[in-house]
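[1] Turn this into a structure:
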Amino acid sequence: MERFNSDGSPIGKKEKKKVGKSLLIILVVILLFGLANTCIVTRQNEYKLIRQFGRVQRIITEPGISVKIPFVETIDVVPKDMQIYDLPASDVITSDKKTMIVDSYVLWKVIDPLKFAQTLSGSIGNAESRIDTIVYNATKNTISNMTQDAVILSRDGKMTITEPQESDVVNNDLNLQEEKNVVVEIKSLTEEIMTQINHIENQYGIEIVTVDVKKLDLPDDNKQAVYTRMISERENIAAQYTAEGQSQAKMIENTTDKEVSIMISNAEAQAEATVAEGEAEYMRILSDAYSDPAKSDFYSFVRSLDALEGSMSGDDNTIILSDDSPIAQIFQGNY
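    Numbering: from 1, shown residues only. Below is the predicted model:
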């Protein structure tokens, strides 16, 4: 059967080829469109929720290619990898009525995509809104039961304690023991907050992996008062160190004075003992000298000369001696 154009002329072979190509292209497009609406490509970091008329029929959790009924089933994508949510900074009040600004973030992930879709409509925004409320309440409840100092100390879960060592004075030397720093593990602020979050997994199908506090700060109107208190505390510590130093200095001074007194006393005792020994030796020599007749005359002669010398000191001296005087005997040549 021969075909004709709209003007009544017969269709040629070239025109027939063009029509055939157009039909082929249309068929390929239809086929590709059908395949695109039939095939499902699931990646490693996502879940695929297959809905039929709005109801979840099945969930694809493993990566790969699967199929669906085109135009009847629709697909929702739920992320499988870790999500981070940065909470806005908020004010909390400690148990000692101090206001602090807490800036934190949350790491979370979907672990039950069906419950996540049923409770939060599969929306990341809804999940973050719910996480914001839960984490803020947990943070507020935790910090409201702690003092400001406890909050600061529990920031990283470790507390360094300096153990003072006693010092003593030995042989006039101050023996100072080095201070020992001991790191004590305490429950961190993150752990305290996490204990308040125990229902979100069963309720919403998501898991909060961790809550970390990026920054703890004070309101501007409280900073000056805190700085003043910190300065006062440091001054008290400095005064304590000064008092301890003065006490140790007094101990050294007293020990030194005691040792000097002992040394002087020992030296004086030794000097007196030496003088006594010298006098004893002197008396022994004199005793030996006077006990020997040969030496006795010589010592008498010497002592007489010493006595004469002592008497003749000064100018215009005149000595009157009797004949039996030892000095007169010297001049008479009787010695």
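
[2] tell me what the lengthiest helix in the chain is packed against?
    Secondary structure assigned by DSSP state H gives helix 220-291 as the longest helix of the chain. Here helix 220-291 touches strand 168-170, strand 173-175, helix 293-311, going by 3 or more Cβ pairs under 8 Å, 6 or more residues apart in numbering; DSSP states H and E. C-beta here means a position set from N, CA and C on the backbone, and glycine is covered the same way.

[3] just checking, Ile93 touches Ser144?
    Yes. Between Ile93 and Ser144 there is a contact under Cβ atoms under 8 Å: 6.2 Å.

[4] how far does the longest helix of the chain sit from the chain's center?
    Distance of helix 220-291 from its chain centroid, counting by Cα atoms, centre = their mean, to the nearest Å, is 40 Å.

[5] Stretch 129-141 too?
    Here stretch 129-141 is found 29 Å from its chain centre; the criterion is Cα atoms, centre = their mean.

[6] in that stretch, what counts as buried?
    Arg130, Ile131, Ile134, Val135, Tyr136, Ala138, Thr139, Lys140 (16 or more other Cβ atoms under 10 Å).

[7] What mean pLDDT does the longest helix of the chain get?
    Averaged across helix 220-291, the pLDDT comes to 86.

[8] Using the record's assignment, carve this structure into domains.
    Residue ranges for the domains of the chain, per automatic domain parsing: 14-78, 83-217, 220-291, 293-335.

[9] Of the ones you listed, which stretch is the most buried?
    domain 83-217 (a mean of 15; mean count of other Cβ atoms under 10 Å).

[10] pLDDT-wise, which helix or strand of this protein ranks last?
    Least confident helix or strand, the chain: strand 158-163 with a mean of 50, by mean pLDDT, DSSP states H and E.

[11] Please state the offset of the strand or helix carrying Arg51 from the chain centre?
    Assessed by DSSP states H and E, Arg51 sits inside strand 46-52. The chain centroid and the centroid of strand 46-52 are separated by 49 Å, computed with Cα atoms, centre = their mean.

[12] which strands and helices sit next to it?
    Looks like strand 46-52 contacts strand 39-42, strand 55-60, strand 73-79, helix 113-120 (3+ Cβ pairs under 8 Å, 6+ apart).

[13] What average pLDDT does the shortest one get?
    Spelled out, it's strand 39-42. Mean predicted lDDT for strand 39-42 stands at 77.

[14] Walk me through which strands it pairs with, and which way each runs.
    The strands beside strand 39-42 in its sheet (DSSP bridges) come out as strand 64-67 (antiparallel).

[15] pLDDT averaged over the strand it pairs with - what is it?
    Mean pLDDT, strand 64-67: 78.

[16] any residues touching that strand, and which ones?
    Thr38, Cys39, Ile40, Val41, Thr42, Lys48, Ile60 (Cβ atoms under 8 Å, 6 or more residues apart in numbering).

[17] at 6 Å instead, please
    Defining contact as Cβ atoms under 6 Å, 6 or more residues apart in numbering, one finds that strand 64-67 is touched by Thr38, Cys39, Ile40, Val41, Thr42, Ile60.

[18] Columns distance to Glu259 on top of the residues you listed, output as CSV?
    Below are the contacts of strand 64-67 laid out as CSV (distance: Cβ to Cβ, whole Å):
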residue, distance to Glu259
Thr38, 103
Cys39, 99
Ile40, 95
Val41, 92
Thr42, 89
Ile60, 90
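
[19] Considering the residues you listed, which is situated nearest to Asp324?
    Nearest to Asp324, judged by Cβ to Cβ, of the contacts of strand 64-67 is Thr42 at 149.8 Å.

[20] Name the residues linked to that closest one by a beta bridge.
    With DSSP bridges as the criterion, Thr42 is bridged to Gly64.

[21] Give the full set of residues in contact with it.
    Contact analysis of Thr42 by Cβ under 6 Å, 6+ apart lists Lys48, Ile60, Pro63, Gly64.
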